[in-house]
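> give me a 3D structure for the following:
(2 chains)
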Number of protein chains: 2
Amino acid sequence: MNTLSPTPLQNAKSPIDRLLALAAADMVAIDGIILERMQSPVGMIPDLANHLVGAGGKRLRPLLTVASAHLCGYEGEYHHKLAAAVEFIHSATLLHDDVVDESALRRGKKPANLIWGNSPSILVGDFLFARAFNLMVETQSLEALGILSNASSVIAEGEVQQLAALRNIDMTESVYMDVIGAKTAALFAAAAEVAPVIAGRPVSERHALRTYGQELGLAFQLVDDALDYGGFESALGKSVGDDFREGKVTLPVIRAYASADADGKAFWTRVIKDHDQTEMDLETAVSMLRKAGALNSTMDEAKRRAANARKALRIFPDSPWKKTLSELADFVVERVS
Amino acid sequence: MNTLSPTPLQNAKSPIDRLLALAAADMVAIDGIILERMQSPVGMIPDLANHLVGAGGKRLRPLLTVASAHLCGYEGEYHHKLAAAVEFIHSATLLHDDVVDESALRRGKKPANLIWGNSPSILVGDFLFARAFNLMVETQSLEALGILSNASSVIAEGEVQQLAALRNIDMTESVYMDVIGAKTAALFAAAAEVAPVIAGRPVSERHALRTYGQELGLAFQLVDDALDYGGFESALGKSVGDDFREGKVTLPVIRAYASADADGKAFWTRVIKDHDQTEMDLETAVSMLRKAGALNSTMDEAKRRAANARKALRIFPDSPWKKTLSELADFVVERVS
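Coordinates of the predicted model:
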């Protein structure tokens, strides 16, 4: 899983910033819970957790829980603990992903496993995951627990499926959508769905917010996968080619491969399936993706998903929360242009 | 965490076998749940999980849950799901431990990470851990969930603390007891405690079974740590020296170091702290541990813990369950002689 690249999000006018402003008091409470619950007498745990969790990121997933809670008129305080739990689950998967992917950068910093080693990253990930469940138990909502524990097993399934599909140039679009639905969108969906659950809202609102989260998560990951090849534009200062170098098969590659001639298919087979890459291959790959229209068509798919997310909000009455969540869906897709 | 060595447990007269016989119907149900819940359309997950979970081990921890449930007269069926959840938590920690410890053998077999690689072991561990929580949610017991999620974070803390203390020849007995209390005994304690919780039994029974599990777990780990240097006797066919080679500081080493003269202290400093070992050093270490009486005194500590475990059962009326759980405590300590 990738996080949003920091630069476009530092734009003070982004819907994320507007949501953060609307939810300022909530986010202070959530940060307090996060800070408190990552403490341990075993010093390596807060050190490592602080490197990742404390250093921020935009807290997009907990923000989804908070905004969804306000959208359905929730007036209690359990959304804070659930939002912190969502962030802990996300952080645990990031710590494990860094070990699995051998990432070089995480949120613009050296990932924890390159500082402390793989073993502490694995074990502190386990710790944060367990602490997430401690927090959920305190909310007394078995339904919310069920939604988030289910999302957790789906995330792990998606990660294993992605690993098993590494370098599989014959991967289908349907398997790709399953993978990103599981590894990325499942937590977005769960983060949004738990809010109407603790608010005791009708099942229609659960479905609507679950759909919003799921489609937003899909749009988010599709954009990330297009950005890994530079997106619409030429290089944006964002490092490109991580997926390519790992042999990760994403929608742009699936589509370019499908429409390639014999020479093109031979190229993709060599660089992905045989994982035989030279220095010039990334540039060739980007140019082939552009010529095939594969980046544009991936972004179009992301836009369709963002539109689905927006549509899912229709059942809610107008409010600043609804407006900003709706704009967030578009922003996730527009952040590249 | 180590598991019981297979040879002595294959003795048909062991209390574990008697408990397995008493709980035969329960264990069939639990094995069914375990098999069902480790399935996934992502084939690598059941393959890898089956290698570890399906291959058995004696299911000591789920057996604790089942025996405790019978001991307090529980008549429902939720103990099966909780027992399966306990085994999944244990399996998840084993998968992660193998990556962390770089183990060469697990339950007499090549560990999963040496067959499938580290990444699948990390991710399938996460999957089993999440599935454990799915199962717990289905039991509808927030109290049991709280006990097991708390144990899970304590286990991770213990593992990190052990990692941080690696090669620390100045480790105190008190830190050592904290580490084994967390990494091993916490799950034994939780596995036993959840039974009176779902049975709605008074707090005195919760405390008694928690104490039984905790003390049994401590005895179990103390014996394991003595066995890693051959225990009372000379080599028992069990591979020795894993802890020594890793630079793991255990009670025998702490006690031998404390009573060593200047030459002895220099030896332990070189082999543990400086991790500078030659082929003959393990033999020298074993002979120094014996001369210092450190293996015997570790076994004495294990016996005291086993006696505490037995004592904790006093509040329960006599029954075959009580008798066999009581014998189990002694067996855990006697399995070496």
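
> the nearest residue to A:F220 once chain neighbours are set aside: what's it in contact with?
The spatial neighbour of A:F220 that comes closest, neighbours along the chain excluded (CB to CB, 6 or more residues apart in numbering or on different chains), is A:V332 at 5.1 Å. (Glycine included, C-beta is placed from N, CA and C.) Neighbour list for A:V332: A:L216, A:A219, A:F220, A:V223, A:A302, A:A306 [criterion: CB atoms under 8 Å, 6 or more residues apart in numbering or on different chains].

> give me the pLDDT value at the closest residue to the first one other than its chain neighbours.
In this case it means A:L216. Nearest residue to A:L216, sequence neighbours excluded (CB to CB, 6+ apart): A:A309, at 4.5 Å. Here, the pLDDT recorded for A:A309 equals 98.

> what helix or strand is A:A309 on?
Taking DSSP states H and E as the definition, one finds A:A309 inside helix A:294-312.

> quick check: what element follows that helix along the chain?
Per DSSP H and E, the first helix or strand lying C-terminal to helix A:294-312 is helix A:320-334.

> list the buried residues for stretch A:34-50?
Residues of stretch A:34-50 classed as buried: A:I34, A:R37, A:M38, A:S40, A:V42, A:M44, A:I45, A:P46, A:D47, A:L48, A:A49 (neighbour count, 16 or more other CB atoms under 10 Å in any protein chain shown).

> tell me which element the first one is part of?
Spelled out, that is A:I34. Counting by DSSP H and E, A:I34 is found in helix A:24-37.

> can stretch A:275-286 be said to contact chain B?
No: Stretch A:275-286 does not reach chain B (CB under 8 Å from any CB of the partner chain); its nearest approach is 15.1 Å.

> ok, back up a step: next, format the contacts of A:V332 as JSON lines and append pLDDT.
Below are those laid out as JSON lines (pLDDT from 0 to 100):
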{"residue": "A:L216", "pLDDT": "98"}
{"residue": "A:A219", "pLDDT": "98"}
{"residue": "A:F220", "pLDDT": "96"}
{"residue": "A:V223", "pLDDT": "95"}
{"residue": "A:A302", "pLDDT": "97"}
{"residue": "A:A306", "pLDDT": "98"}
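
> want to throw the residues you listed into TSV with neighbour count?
Output for the contacts of A:V332, formatted as TSV (neighbours: other CB atoms under 10 Å in any protein chain shown):
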residue	neighbour count
A:L216	29
A:A219	28
A:F220	28
A:V223	25
A:A302	25
A:A306	25
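
> which of these sits closest to chain B?
A:F220 (21.0 Å; CB to the nearest CB).

> distance check, the closest one against A:A84.
Separation of A:F220 from A:A84 (CB to CB, to the nearest Å): 21 Å.

> what's the answer for A:V253, then?
From A:V253 to A:A84 the distance is 36 Å (CB to CB).

> and if you look at A:E327?
25 Å.

> then A:V137?
Here the criterion is CB to CB. By it, A:V137 lies 13 Å from A:A84.

> do A:K322 as well
Distance, A:K322 to A:A84, by CB to CB: 24 Å.

> ok, those two, which is more surrounded?
Neighbours were counted for A:K322 and for A:A84 using other CB atoms under 10 Å in any protein chain shown; A:A84 has more, 28 against 18.

> which helix or which strand is home to the more buried one?
Using DSSP H and E, A:A84 sits within helix A:78-101.

> list the helices and strands that helix packs on?
Counting contacts by 3 or more CB pairs under 8 Å, 6 or more residues apart in numbering or on different chains; DSSP states H and E, helix A:78-101 is packed against helix A:24-37, helix A:60-71, helix A:112-116, helix A:118-138, helix A:142-164, helix A:186-198, helix B:118-138.

> before we move on, the earlier item: does the residue nearest to A:L216 touch A:E215 like I think?
Yes: with contact defined as CB atoms under 8 Å, A:A309 reaches A:E215; the gap is 3.9 Å.

> shared neighbours of these two, anything?
Counting by CB under 8 Å, 6+ apart, the contacts common to A:A309 and A:E215 are A:A329.

> those two: which has the busier surroundings?
For the pair A:A309 and A:E215, the greater number of neighbours falls to A:A309 (28 against 25), based on other CB under 10 Å.

> gap between A:A84 and A:I122?
Per CB to CB, A:A84 is found 22 Å from A:I122.

> same question but for A:L60, I mixed them up
Using CB to CB, we find A:L60 at a distance of 24 Å from A:I122.

> ok, now A:V160?
15 Å.

> which of these two has more neighbours?
Between A:V160 and A:I122, A:I122 has the larger neighbour count (other CB under 10 Å), namely 31 against 28.

> what residues does the stretch 51-200 of chain A have near chain B?
Near chain B, when you scan the stretch 51-200 of chain A using CB under 8 Å from any CB, you find A:92-93, A:96, A:99-100, A:118-120, A:122-127, A:129-131, A:133-134, A:136-137, A:140, A:142, A:145-146, A:149-150, A:152-153, A:155-157, A:159-161, A:163-164.

> switch the cut-off to 7 Å
Residues of the stretch 51-200 of chain A lying close to chain B (CB under 7 Å from any CB of the partner chain) are A:96, A:99-100, A:119-120, A:122-124, A:126-127, A:129-131, A:133-134, A:137, A:140, A:142, A:145-146, A:149-150, A:152-153, A:156-157, A:159-161, A:163-164.
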